[in-house]
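A.B. asks: here are the coordinates; sequence isn't available:
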């Protein structure tokens, strides 16, 4: 990835490595990734009084920004087939775990790049890294 990360169209090409899927797209979400588990809050439904959990403001802001960035790079209908996702999460701090970051990314991909995050059959090769100066998520989707 070049030092000056720019948003653009998804790069679609032949698969990398020894995967079976025939097409791969590369996307980048610029900004520090967030997990859904960060500072969740319990609130009550005003009409029913039933409690439910909502994510923190930072998590929602990241999801909104990430969705806009993905939409600016993905210029096609969301995929409805099974996909394999490889994501590298470049964090500002060395906190959080891969599972929670992957859950947040799956939710952001849903409705933008894929129809439903249940279509993700593999997270092989995903990892956590540290880059204080250029936090981002590099995503490779194969189908």
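C.D. replies: Right, received. Where do you want to start? Small disclaimer: the values here were computed from a predicted structure and weren't measured.
A.B. asks: List the contacts of residue 37.
C.D. replies: 96, 100 (CB atoms under 8 Å, 6 or more residues apart in numbering). C-beta here means a position set from N, CA and C on the backbone, and glycine is covered the same way.
A.B. asks: Tell me which stretches of the chain form strands.
C.D. replies: Taking DSSP state E, the strands of the chain run over residues 11-13, 24-30, 41-44, 51-54, 83-91, 120-122, 127-130, 136-142.
A.B. asks: so the last one versus strand 24-30, what angle?
C.D. replies: To tie it back to what came earlier, the one meant is strand 136-142. If you take axes from the mean of the first three to the mean of the last three CA atoms, to 10 degrees, strand 136-142 sits at 160 degrees to strand 24-30.
A.B. asks: Please tell me I have it right and residue 131 contacts residue 90.
C.D. replies: Yes - using CB atoms under 8 Å, residue 131 makes contact with residue 90 at a distance of 3.9 Å.
A.B. asks: could the strands of the chain be laid out in TSV, adding distance to residue 60?
C.D. replies: Converted to TSV, those look like this (distance: least, CB to CB, whole Å):
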stretch	distance to residue 60
strand 11-13	28
strand 24-30	15
strand 41-44	11
strand 51-54	8
strand 83-91	18
strand 120-122	22
strand 127-130	22
strand 136-142	16
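A.B. asks: closest to residue 65 out of those?
C.D. replies: Among those, strand 24-30 comes nearest to residue 65, with 7.9 Å by CB to CB.
A.B. asks: contacting residues around the residue positioned nearest the centre of the chain?
C.D. replies: Per CA atoms, centre = their mean, the C-alpha nearest to the average position across the chain is that of residue 105, at 2.5 Å. With contact set as CB under 8 Å, 6+ apart, residue 105 has these partners: 29, 33, 66, 85, 87, 89, 137, 139.
A.B. asks: make it 10 Å
C.D. replies: Residue 105 makes contact with 29, 33, 35, 63, 66, 70, 85, 87, 89, 117, 120, 123, 126, 137, 139 under the criterion CB atoms under 10 Å, 6 or more residues apart in numbering.
A.B. asks: pretty sure the third one contacts residue 97?
C.D. replies: Yes - under the criterion of CB atoms under 10 Å, residue 35 makes contact with residue 97 at 8.0 Å.
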